[in-house]
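> I would like to see how this sequence folds:
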Amino acid sequence: MAQAKQGDTVRVHYTGTLDDGTMFDTSVEREPLEFTIGGGDVIPGFDRAVLDLSPGEVRVSVISAAEAYGEHSPELVTDVDRERFPADMELEIGQQLQVNLADNQQAIVMVVDLSDTSVTLDANHPLAGQQLTFEIELVEIL
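Take a look at the predicted model:
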């Protein structure tokens, strides 16, 4: 039976959970995820977890933070004066914002703390620093 290898385009169903069992994403109620192994479309640990699977086979893989979204970087957390936001803008912890960077690029940041004078923004991926567990079913090799 065929096994998934580097360069193959595959379709998979997956369920991702955190160490405490909280599910953060699943494809079960959607179309399977389609990607090319080694193409940079998914985190490195997910790529490796699919290697050598045959269609219909299921694997549970624990992926370290380094092989997922990286470690949490304190330098990506910054305090911004509240005055830099529009006065009528309602901010809340957990809210995601799109911000403009100095090099004309944009980034998504999360509000992680608020006070009357400052807003703490975190540009880390929400899953940075987390070990992730994926249950992956190879649906097909295209």
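
> so where is this structure shaky, pLDDT-wise?
Applying pLDDT under 70 to the chain flags no residue at all.

> all strands for this structure, in order.
With DSSP state E, the ranges of strands along the chain come out as 9-17, 23-26, 33-36, 58-63, 77-81, 96-100, 106-114, 118-122, 132-141.

> Including distance to residue 45, could these go into CSV?
(Each C-beta comes from the backbone N, C-alpha and C, glycine too.) Putting those into CSV (distance: least, CB to CB, whole Å) gives the following:
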stretch, distance to residue 45
strand 9-17, 11
strand 23-26, 14
strand 33-36, 13
strand 58-63, 3
strand 77-81, 24
strand 96-100, 24
strand 106-114, 22
strand 118-122, 22
strand 132-141, 7
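
> export those strands to CSV and tack on distance to residue 71 and mean neighbour count?
Shown next, in CSV, are those (distance: least, CB to CB, whole Å; neighbours: other CB atoms under 10 Å):
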stretch, distance to residue 71, mean neighbour count
strand 9-17, 18, 19
strand 23-26, 17, 12
strand 33-36, 24, 16
strand 58-63, 13, 15
strand 77-81, 13, 13
strand 96-100, 20, 11
strand 106-114, 17, 14
strand 118-122, 13, 19
strand 132-141, 13, 19
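
> domain ranges for this structure?
Domain assignment for the chain by automatic domain parsing gives 9-70+127-141, 74-122.

> Let me have the ones you listed in a markdown table, extended by distance to residue 1.
Formatted as a markdown table, the entries for the domains of the chain read as follows, by distance: least, CB to CB, whole Å:
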| stretch | distance to residue 1 |
| --- | --- |
| domain 9-70+127-141 | 5 |
| domain 74-122 | 41 |
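
> which one of these lies closest to residue 3?
The closest of the domains of the chain to residue 3 is domain 9-70+127-141. By CB to CB, the value is 4.9 Å.

> any idea how far that closest one is from the chain center?
From the chain centre to the centre of domain 9-70+127-141 is a distance of 11 Å (CA atoms, centre = their mean, to the nearest Å).

> Quick check: closest non-adjacent residue to residue 2.
With sequence-adjacent residues excluded and distances taken as CB to CB, 6 or more residues apart in numbering, residue 2 is closest to residue 141, at 5.6 Å.

> Surely that neighbour is in contact with residue 55?
Yes - taking contacts as CB atoms under 8 Å, residue 141 lies within contact range of residue 55: 6.3 Å.
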